[in-house]
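Engineer: I would like the atomic coordinates for the input below:
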Amino acid sequence: MDAAISELQKPFLDGAQIQSSRMTMGLDTQLIDDGTYFIVEIVEQLAGCGGWSRRATLYGGDQSPGRSAVLLNPATDAARIRAMYTHPLHTRKGVGRLILSLCEQAARSEGFTRAELMASIAGEPLYRACGYKMRERRVDDRGGVAVPLVRMNKLL
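Structural biologist: Numbering: from 1, shown residues only. Predicted coordinates:
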């Protein structure tokens, strides 16, 4: 996660924004506890990770303020795609697409018909390529500097 945050955002964010983004990025251990987090290894090296959630929090790691563990209703709410990271040595190998596909399949199997996520500017092209549509652009300044984000969704 640290390598992905540090390296993959460099073409999109300045150093202060990358540092600020650490307040709202990182692992949410609730995903692990819920059994909704995936890890992909390539030749015994961690290549990527990501998950989905049936809980209200749209994005953020354990350290992020304002999280909510309230359970969503699959009949009315969108599943949340969360904490997606690809190691810089494994970009452009289909790792992110694989994890996203696993998340969508799992959410669909629990009755969700829509998925929603908050993309970093670096992640937006992957999500667009996988059928996600921009819902809104916003900034998050909880880390001290405004970081641009994109709220996106997709029908499952």
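Engineer: and stretch 8-26, end to end?
Structural biologist: Start-to-end span of stretch 8-26 (CA to CA, to the nearest Å) is 14 Å.
Engineer: correct me if wrong: A3 contacts T91.
Structural biologist: No - A3 is beyond contact range of T91, at 10.7 Å (criterion: CB atoms under 8 Å). Bear in mind the C-beta positions are built from the backbone N, C-alpha and C, glycine included.
Engineer: max-length helix in this structure?
Structural biologist: In the chain, assigned by DSSP state H, the helix with the most residues is helix 95-109.
Engineer: buried sites along it?
Structural biologist: Across helix 95-109, burial judged by 16 or more other CB atoms under 10 Å covers V95, G96, L98, I99, L100, L102, C103, E104, A106, A107, R108.
Engineer: could these go into TSV alongside distance to G60?
Structural biologist: Formatted as TSV, those follow (distance: CB to CB, whole Å):
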residue	distance to G60
V95	22
G96	19
L98	23
I99	18
L100	19
L102	21
C103	17
E104	21
A106	20
A107	19
R108	24
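Engineer: returning to that earlier point: what's in contact with the longest helix of the chain?
Structural biologist: 36, 38, 40, 42, 47-52, 54, 79, 81, 84, 86-87, 115, 123, 126-127, 129-130, 154, 156 (CB atoms under 8 Å, 6 or more residues apart in numbering).
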